[in-house]
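Trainee: need a 3D model of the following:
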Amino acid sequence: QVQLVESGGGLVQAGGSLRLSCAASGRTFGGGSVGWFRQAPGKEREFVAVISWSGGITNYADSVKGRFAISRDNAKNTVYLQMNSLKPDDTAVYFCAADNSINLFNYFNRNAYAYWGQGTLVTVSS
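Mentor: As a prediction, this is how the structure comes out:
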């Protein structure tokens, strides 16, 4: 079993930055990829970014490309999401998720991930 815990959310002004962390325990990340998703009030949970086990492959949603950066430190069992140039539209609960069956065809699909954290709230004020 994999347990994931997100942290680092909070209130920030537009244009500011936050770094989210996703810490794993149990079987750590199960040797798999880790993704970040977000869910705004009244909206479906959407893909934000993903990183492979080695960290050599990353992908981002078009809405965050050039502003967000995902990274991982397997020695610390932690994945990070650096968020810069934040906009009010980035306001959401951010979730990390993990699975060892993620590939280039399903990384954006929330149903492909078996393990989820409880989420951390990011609020961007205008």
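Trainee: show me the shaky parts of this structure.
Mentor: Within the chain, the stretches with pLDDT under 70 are 27-30.
Trainee: report the buried residues of stretch 10-17.
Mentor: Val12 (16 or more other C-beta atoms under 10 Å). Using the backbone N, CA and C atoms, a C-beta is placed for each residue, glycine as well.
Trainee: quote the end-to-end distance of that stretch.
Mentor: 10 Å (C-alpha to C-alpha, to the nearest Å).
Trainee: correct me, but Ala85 touches Ala69?
Mentor: To be clear, residue 85 is Ser; Ala isn't right here. No: contact criterion C-beta atoms under 8 Å: Ser85 and Ala69 do not qualify, at 11.4 Å.
Trainee: more crowded one of these two?
Mentor: Ala69 (16 against 13; other C-beta atoms under 10 Å).
Trainee: any shared contact partners between Ser85 and Ala69?
Mentor: None of the residues lies in contact with both Ser85 and Ala69 under the rule C-beta atoms under 8 Å, 6 or more residues apart in numbering.
Trainee: got the contact list for the residue nearest to Gln39 when sequence neighbours are not counted?
Mentor: Nearest non-adjacent residue to Gln39, counting by C-beta to C-beta, 6 or more residues apart in numbering: Arg45, 4.2 Å away. Counting by C-beta under 8 Å, 6+ apart, Arg45 touches Phe37, Arg38, Gln39, Phe95, Arg110.
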